[in-house]
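Trainee: Everything below, folded, please.
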Amino acid sequence: MTGENLVQIRDLSVTYSPVGQPTVKALECASLDIRFGEIIGVLGESGCGKSTLASALLRLLPEYAHYESGTVGFLGRDLLGVGEPELRKLRGKEIVLIPQDPALALNPVMRVGAQISEVLKAHTALTRAQRIGRVQELLREVGFDDPEEVGSAYSHQLSGGQRQRITIAQAIACRPALIVADESTSKLDRPLQDEILQLLSNIRRRHGIALLFITHDPSLLFSFADRLMVMYAGRIVEQGNTRDVMQKPLHPYTQALLGLADGPALASARGSRLALATISGEPPDRTSVTSGCGFEPRCGDRMQVCKCNFPKQLMTGPGHYVSCFKYVN
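Mentor: Next up, the predicted model:
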């Protein structure tokens, strides 16, 4: 790791090989940098590789997954070469996951305050009295005016938005360097989504914590993420400054996903959901071997070269990269 980079993922490829089933190419040649304190949005349809990228970064892939190539650099260490004992020390302290469904993530027979305290007990030398005080501070920080009452509740006694705030309190308990949020607002209505995004923005600003925010909804990212990465069929097809990518999407998939195939500028996405364009055809079969662009069968701009080659990443502007033969001179 050098310079301002907290995370350096290079040429990461992952396959899934469940027993008795065909091998699936889940992630192909993914490269990504995350700087200290920045928010990166990862955008794409279900099955595009977003969650695989997050799980690969956290070393939480299932047993039938295989790292085929690449490196995952975090705080100067390659996580693919780190043993399980050290990983357990890193997870929850330096790198944490906010789950998609807090109702499933939280222990239903344990008070939520005690669950936050368990994170502190595992990663700090605080006394029991100090942990109790710290839990109260964390609950206030995530928006509860009555931390003692909330901390003594069980998860089923809380609303969906309140449960999500509890998981955020767990996530920031040890002031990690990186939070990975995998569709963590998808089960909330829009006003609650906005509240959670504002909370995460405040936490980033207050503590300098970086955030990898995974979603299928582009309207959440316009005023929230610093940079945007678009994934399709296990590959990163476009990335850059969020406003640049959303106002001038280059890859045909990004254009279709944002509903901007005709090219009008996106004035504002916050406050309303984007009407996603219908993309003809089906996502590619990830069990078949192909050397071409995965979006080629669905792309209105496809060329013969797209069938047998995957385009290299090209820089079309400051920090704006796309993988598409349309932009090859």
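Trainee: which residues sit in contact with V119?
Mentor: 92, 170, 173-174 (CB atoms under 8 Å, 6 or more residues apart in numbering). Where C-beta positions appear, they are placed from N, C-alpha and C, glycine not excepted.
Trainee: which residues of the stretch 151-300 of the chain fall in helices?
Mentor: Under the criterion DSSP state H, counting those that start in this stretch, the stretch 151-300 of the chain carries helices at the ranges 160-172, 190-207, 242-247, 252-257.
Trainee: Let's have these in JSON lines, adding mean pLDDT, distance to P62 and mean neighbour count.
Mentor: Formatted as JSON lines, the helices of the stretch 151-300 of the chain follow (pLDDT from 0 to 100; distance: least, CB to CB, whole Å; neighbours: other CB atoms under 10 Å):
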{"stretch": "helix 160-172", "mean pLDDT": "95", "distance to P62": "22", "mean neighbour count": "23"}
{"stretch": "helix 190-207", "mean pLDDT": "94", "distance to P62": "27", "mean neighbour count": "16"}
{"stretch": "helix 242-247", "mean pLDDT": "94", "distance to P62": "31", "mean neighbour count": "22"}
{"stretch": "helix 252-257", "mean pLDDT": "92", "distance to P62": "27", "mean neighbour count": "23"}
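Trainee: Let me have those in a markdown table, adding distance to Q136 as columns.
Mentor: What follows is the helices of the stretch 151-300 of the chain, written out as a markdown table (distance: least, CB to CB, whole Å):
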| stretch | distance to Q136 |
| --- | --- |
| helix 160-172 | 10 |
| helix 190-207 | 17 |
| helix 242-247 | 35 |
| helix 252-257 | 43 |
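Trainee: Quickly list the domain ranges of the protein.
Mentor: The chain breaks down into these domains under automatic domain parsing: 36-49+83-94+177-327, 101-175.
Trainee: Next, format those domains as TSV and append distance to Y16.
Mentor: Below are the domains of the chain laid out as TSV (distance: least, CB to CB, whole Å):
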stretch	distance to Y16
domain 36-49+83-94+177-327	9
domain 101-175	22
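Trainee: Out of those, which gets the lowest mean score?
Mentor: For the domains of the chain, the weakest mean pLDDT is recorded on domain 36-49+83-94+177-327, namely a mean of 86.
Trainee: Any idea how far that one is from the middle of the chain?
Mentor: Relative to its chain's centre, domain 36-49+83-94+177-327 lies at 9 Å (CA atoms, centre = their mean, to the nearest Å).
Trainee: Can you tell me the closest non-neighbouring residue to S55?
Mentor: Leaving aside its sequence neighbours, S55 sits nearest to L61 (CB to CB, 6 or more residues apart in numbering; 4.9 Å).
Trainee: can I assume the one you found is in contact with T52?
Mentor: Yes: with contact defined as CB atoms under 8 Å, L61 reaches T52; the gap is 7.3 Å.
Trainee: okay, and the common contacts of these two?
Mentor: Taking CB under 8 Å, 6+ apart as the criterion, L61 and T52 both touch V14.
Trainee: Contact partners for D226?
Mentor: 38-40, 241-242.
Trainee: Check L61 too.
Mentor: L61 makes contact with 14, 52, 55, 67, according to CB under 8 Å, 6+ apart.
Trainee: any idea how far it lies from L80?
Mentor: Applying CB to CB, to the nearest Å, the value for L61 to L80 is 11 Å.
Trainee: Quickly list what's touching both of these two.
Mentor: In contact with both L61 and L80: Y67, using CB under 8 Å, 6+ apart.
Trainee: give me the element the residue lying farthest from the centre of the chain is part of.
Mentor: Ranked by distance from the centre of the chain (CA atoms, centre = their mean), the top residue is A129, with 34.7 Å. Assigning secondary structure by DSSP states H and E places A129 in helix 128-141.
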